[in-house]
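Engineer: For reference, the sequence and a predicted model appear below.
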Amino acid sequence: MDSRIIQGGLEDVDVISQLFNEYRQFYGQADDLPLARSFIAERLSDNSSIIFLAIDSHDLGLGFVQLYPGFSSISTKPVLSLNDLFVTKHARCVGLGVKLMKLVIQYARDHGISKLVLETQEANQPARSLYTSLGFEVDNDFLTYSLDIKR
């Protein structure tokens, strides 16, 4: 499959938003393209996330990865949280997820990032296999807690 990966910018909001909306639906959220567009536009406008976008020769979106920069207080170094990785159904099984992940790893190396962190559902075996094939390890030392804050 012919594709290229670019760093997404405001000019790519519509393409990224379509993919982001599909990604959210994959995780059980309602189809809401306006919400997806608003969220992505805000992330790109305020530079709070880094998005890499895979597109085909017709500039149609095939997949994306979204990273959130942060810091580790323990290592006192920058880290990236890989929050979202998504490849469309018709672009799966051709290595696009691997290409996106390898680009992220190289980006982290080039920018002095000390660690990439991510979470995935335990049942998401394809993603887990991808991550471990690239050298990611399950952290058995720390537990993840969350609290849903309702208004």
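Structural biologist: Yep, that arrived. Residues are numbered from 1 along each chain as shown.

Engineer: From here on, just use CA atoms for contacts and neighbour counts.
Structural biologist: OK.

Engineer: Please tell me I have it right and residue 32 contacts residue 20.
Structural biologist: No. Here residue 32 does not reach residue 20: they are 9.9 Å apart, not a contact under Cα atoms under 8 Å.

Engineer: Who has more neighbours out of the two?
Structural biologist: Comparing residue 32 with residue 20 by neighbour count (other Cα atoms under 10 Å), the higher total belongs to residue 20, at 27 against 15.

Engineer: Could you check how far the more buried one is from residue 88?
Structural biologist: 10 Å (Cα to Cα, to the nearest Å).

Engineer: One more: residue 67?
Structural biologist: Distance check for residue 67 against residue 88: by Cα to Cα, it reads 18 Å.

Engineer: which of the two has more neighbours?
Structural biologist: residue 67 (21 against 14).

Engineer: and that one, helix, strand or coil?
Structural biologist: Here residue 67 is recorded as strand under DSSP: H, G, I helix; E, B strand; the rest coil.

Engineer: Show me where this protein has its strands.
Structural biologist: 3-7, 50-56, 61-72, 77-87, 115-118 (DSSP state E).
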